[in-house]
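# Return a 3D structure for these sequence lines:
(2 chains)
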Protein chains: 2
Amino acid sequence: MRAAVFARRPARRSAIRGMKKISESAVRRLSLYLRFLQEAEAAGADTISSGELARRGGTTSAQVRKDLSLFGSFGKRGMGYSVPELLLEIRQILGLTRPWNVAVIGAGRLGSALSSFRDFEGRGFHISAVFDNDPAKIGQSWGGLTVQPDEALDATLRERRVEIAIVAVPAEAAQGVVDRVVAAGVKAVLNFAPVRLRVPRGVTLRSVDPTLELEGLSFALSNGKDG
Amino acid sequence: MRAAVFARRPARRSAIRGMKKISESAVRRLSLYLRFLQEAEAAGADTISSGELARRGGTTSAQVRKDLSLFGSFGKRGMGYSVPELLLEIRQILGLTRPWNVAVIGAGRLGSALSSFRDFEGRGFHISAVFDNDPAKIGQSWGGLTVQPDEALDATLRERRVEIAIVAVPAEAAQGVVDRVVAAGVKAVLNFAPVRLRVPRGVTLRSVDPTLELEGLSFALSNGKDG
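As a prediction, this is how the structure comes out:
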């Protein structure tokens, strides 16, 4: 099976480049499959079926096969997927075979929480700088990181080759911060400020908005829906 | 327009109850429309077109009209939607015309950040209790809230009629916490622990997983995709 998977890799890569759009939800499912595969590996499993992945990901076997076939990985009928090979393949698809340099902008409570998020480092997202404009916070040491002044933002992002910026500043400051990190060459932004931000073409933005999630729960509670 | 909207309300409510499933993404767009309507109201606008809502929500006019028609709200061709009426209607659909009692479980950095999230209170999500099992944290006062011991969880959730639980505990503790809040009658859970949780039928669960968002960015950076 190894040979087959490796033989297909060039096809997969060109398939991705040729593809118009892989949906955000498909990428999200790949992340979920990755987690289950890691658990399966830790439990000593050699193979995993599309049915098992589906059950754990809250989807169907057909969807799992479709998601994985997008990238040229098929498994063998009746034998399932090789856990180590599928792990490697999904890591490659998601760009997780290398570490990423991440900066956190905003050293408030949320920035502090995110800077110390154990899960990030374990998955290859290395927080390499934290910034704030509050003199009371600048210079504080956070587990090996020193909170840097706002003015150092542009130079430090370039110098440390930061690739992903996490924005954890108040809503009114967020667009200005994003404009600056984009000007400094950052191509990916994860926004926690409760505001809609604009980024130029070629920059990817994702937003986490806990209030919006609470509104989804409020809707479900008000309309008697199951999650 | 007011009369027409009010006349339709009973139809809308029964339409929701009769509907099989309103997608999570449709509910999410309603939350976004709500934000834009609030900005429009603050800017003194009386009406808003489906085109404006679409542009701000990153979707199409047809999608906006479809989303709003699910609930019986149509606007008048060429006149747009009445801002105050659509605001009220979306608030009613999302269950935001009343406040919700929320508890935060886990008083670590993330729990602390969430407990002080300005946006929650402003949108009707009232944090009424915070819990932890760390003796160093129990009894601390956080802006009017006292961190309560883990043992008080069940009684306090019932006594304060908590309707939504925010879970901000480590991954390994999360399922146990969710089982307890569900046993105490809570029907909606927002989970920040990086782990997949099980809830019984009738309980709605949403998860916020920042690492998964970073993996989406990593995918985009690795495959040259725009956001």
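# When you work out contacts or count neighbours from here on, use the C-alpha atoms and nothing else.
Noted.
# and chain A, what are its domains?
A:2-94, A:100-212 (automatic domain parsing).
# what does the longest helix along chain A rub up against?
The longest helix of chain A (DSSP state H) is helix A:24-42. Applying Cα atoms under 8 Å, 6 or more residues apart in numbering or on different chains, the contact partners of helix A:24-42 are A:46, A:48, A:53, A:56-57, A:67, A:83-84, A:86-87, A:90-91, A:94, B:212, B:215-216, B:219.
# Buried deepest among the domains of chain A, which one?
domain A:100-212 (a mean of 19; mean count of other Cα atoms under 10 Å in any protein chain shown).
# For that one, measure first residue to last.
This stretch, domain A:100-212, spans 28 Å end to end (Cα to Cα, to the nearest Å).
# what about that domain, average pLDDT?
Over the span of domain A:100-212, the pLDDT mean works out to 94.
# next one: that domain to chain centre, how far?
14 Å (Cα atoms, centre = their mean, to the nearest Å).
# Quick one, which of the domains of chain A gets closest to residue B:198.
Nearest to residue B:198 among the domains of chain A is domain A:2-94; the distance by Cα to Cα comes to 10.6 Å.
# gap between that closest one and the chain center?
17 Å.
# Just the CA trace of the top strand by length along chain A, in PDB.
Under DSSP state E, the strand in chain A containing the largest number of residues is strand A:125-132. Backbone C-alpha positions of strand A:125-132 (Å, rounded to 0.1, in the frame of the first residue of the first chain) are rendered in PDB as follows:
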ATOM      1  CA  PHE A 125       2.100  26.000  15.700                       C
ATOM      2  CA  HIS A 126       5.000  27.700  17.500                       C
ATOM      3  CA  ILE A 127       4.200  31.000  19.200                       C
ATOM      4  CA  SER A 128       7.300  33.100  18.500                       C
ATOM      5  CA  ALA A 129       6.200  36.600  19.600                       C
ATOM      6  CA  VAL A 130       3.600  38.400  21.600                       C
ATOM      7  CA  PHE A 131       2.800  42.100  21.300                       C
ATOM      8  CA  ASP A 132       0.800  44.700  23.100                       C
END
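# contacts for that strand?
Taking Cα under 8 Å, 6+ apart as the rule, strand A:125-132 contacts A:99-107, A:115, A:120-121, A:138, A:145-150, A:153, A:156, A:160, A:162, B:214.
# Listing partners with orientation, what would you give for that strand?
In the sheet, strand A:125-132 lines up against strand A:100-105 (parallel), strand A:145-149 (parallel) (DSSP bridges).
# Mind putting the ones you listed into a markdown table with distance to residue B:126?
Converted to a markdown table, the strands paired with strand A:125-132 look like this (distance: least, Cα to Cα, whole Å):
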| stretch | distance to residue B:126 |
| --- | --- |
| strand A:100-105 | 27 |
| strand A:145-149 | 32 |
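# Out of those strands, flag the one nearest residue B:204.
Nearest to residue B:204, of the strands paired with strand A:125-132 and by Cα to Cα, is strand A:100-105 at 31.2 Å.
# so where do the strands sit in chain A?
With strands called from DSSP E, chain A shows them at A:47-48, A:81-82, A:100-105, A:125-132, A:141-142, A:145-149, A:164-167, A:188-191, A:204-207.
# contacts for the last one?
This means strand A:204-207. With Cα under 8 Å, 6+ apart as the test, strand A:204-207 has contacts from A:187-193, A:199, B:213, B:217, B:220-221, B:225-227.
# Can you give me the distance of residue A:133 to residue A:169?
10 Å.
# got any residues that touch both of these two?
Overlap of the contact sets of residue A:133 and residue A:169 (by Cα under 8 Å, 6+ apart) consists of residue A:106.
# Quick one: residues contacting residue A:169.
Contacts of residue A:169 (Cα under 8 Å, 6+ apart): A:105-108, A:111, A:192-193.
# now do 10 Å
A:104-108, A:110-111, A:131-133, A:175, A:177, A:191-194 (Cα atoms under 10 Å, 6 or more residues apart in numbering or on different chains).
# nearest to chain B, of those?
residue A:110 (4.9 Å; Cα to the nearest Cα).
# Excluding chain neighbours, give the residue nearest to that closest one in space.
Leaving aside its chain neighbours, residue A:110 sits nearest to residue B:113 (4.9 Å; criterion: Cα to Cα, 6 or more residues apart in numbering or on different chains).
# My guess is that neighbour contacts residue A:192. True?
No: taking Cα atoms under 10 Å as the definition, residue B:113 is not a contact partner of residue A:192, at 11.6 Å.
# got any residues that touch both of those two?
Both residue B:113 and residue A:192 are in contact with A:110-111, where contact means Cα under 10 Å, 6+ apart.
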